[in-house]
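In: Sequence first, then the predicted structure, then my questions.
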Amino acid sequence: SQTIHQWPATLVQPVGSPLSLECTVEGTSNPNLYWYRQAAGRGLQLLFYSVGIGQISSEVPQNLSASRPQDRQFILSSKKLLLSDSGFYLCAWSEAANYGYTFGSGTRLTVV
Amino acid sequence: GENVEQHPSTLSVQEGDSAVIKCTYSDSASNYFPWYKQELGKRPQLIIDIRSNVGEKKDQRIAVTLNKTAKHFSLHITETQPEDSAVYFCAASMSTPLVFGKGTRLSVIA
């Protein structure tokens, strides 16, 4: 069966520090991968998605970036965090377009 | 692009009553409509989905209906229980990625 791993679960980082969040999927190949951010009590904001290795689409121009160095690995990064980057970051995967998403357990990021 | 509107933003029901959450979408080409449940502090989880070739789908106490002409779809929860309390998100898609509604916070009062 397929599983998605996301880490770390919580993170407290100072303003201006770098960020690296990692997500991996097991039990499938060539999944569609997604990064979402959720502010407290708010909806799901799509940040990036990828339909294959090295293929990244950005939905929100900001100081975040994403990479997919391997088929089942998706990384969210920032060189310098802002206070507004605080939130609940969720990785997700789907078999293909128009299939349900399975979300990872999320990373709660607090920028101080 | 696709736009999904979800109503209401909050909903309180008595335990045992039914709850209905409605979503409208803008792109008539959208053909996949999932619903997610997110409990406090947890990840969203897929609870039911429907494709455009089907008008209604049921799974125990939950059902989803789709009206392609009007471009809206609804989630129905019958015999609500306290564990149904959560935020529910609808979504629509023709191709990746899904476009989500802003969510409905459902509270089931015992």
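Out: Done, it's in.
In: When you work out contacts or count neighbours from here on, use the C-alpha atoms and nothing else.
Out: OK.
In: need the residues of chain A near chain B, please.
Out: Within chain A, the residues that sit near chain B (C-alpha under 8 Å from any C-alpha of the partner chain) are A:42-44, A:49, A:90, A:96-106.
In: Do a quick rundown of the strands in chain A.
Out: Per DSSP state E, chain A carries strands over the ranges A:3-7, A:10-13, A:19-26, A:32-38, A:45-52, A:55-58, A:64-70, A:73-78, A:87-94, A:102-103, A:107-111.
In: of those strands, which approaches B:Q81 most closely?
Out: When those are compared by C-alpha to C-alpha, strand A:102-103 sits nearest B:Q81, at 24.4 Å.
In: Can you list the strands that the closest one pairs with?
Out: Next to strand A:102-103 in the sheet, as set by DSSP bridges, lie strand A:87-94 (antiparallel).
In: Report the inter-axis angle for the partner strand versus strand A:45-52.
Out: Counting by axes from the mean of the first three to the mean of the last three C-alpha atoms, to 10 degrees, strand A:87-94 lies at 30 degrees to strand A:45-52.
In: quick one: strand A:87-94 to chain centroid distance?
Out: Between the centre of strand A:87-94 and the centre of its host chain there is 5 Å, according to C-alpha atoms, centre = their mean, to the nearest Å.
In: what do you get for stretch B:86-99?
Out: 9 Å.
In: With just CA atoms, put that stretch into PDB.
Out: Taking C-alpha atoms only, stretch B:86-99 is exported to PDB below (Å, rounded to 0.1, in the frame of the first residue of the first chain):
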ATOM      1  CA  ALA B  86     -14.600  19.000  11.800                       C
ATOM      2  CA  VAL B  87     -13.800  21.300   8.900                       C
ATOM      3  CA  TYR B  88     -15.000  20.000   5.500                       C
ATOM      4  CA  PHE B  89     -13.500  21.100   2.200                       C
ATOM      5  CA  CYS B  90     -15.000  20.600  -1.200                       C
ATOM      6  CA  ALA B  91     -12.900  20.600  -4.400                       C
ATOM      7  CA  ALA B  92     -13.300  20.500  -8.100                       C
ATOM      8  CA  SER B  93     -10.900  19.600 -10.900                       C
ATOM      9  CA  MET B  94     -10.700  19.000 -14.600                       C
ATOM     10  CA  SER B  95      -7.000  18.400 -14.400                       C
ATOM     11  CA  THR B  96      -4.400  18.700 -11.700                       C
ATOM     12  CA  PRO B  97      -4.400  20.500  -9.300                       C
ATOM     13  CA  LEU B  98      -7.600  20.400  -7.300                       C
ATOM     14  CA  VAL B  99      -9.200  23.800  -6.500                       C
END
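In: Good, wrapping up.
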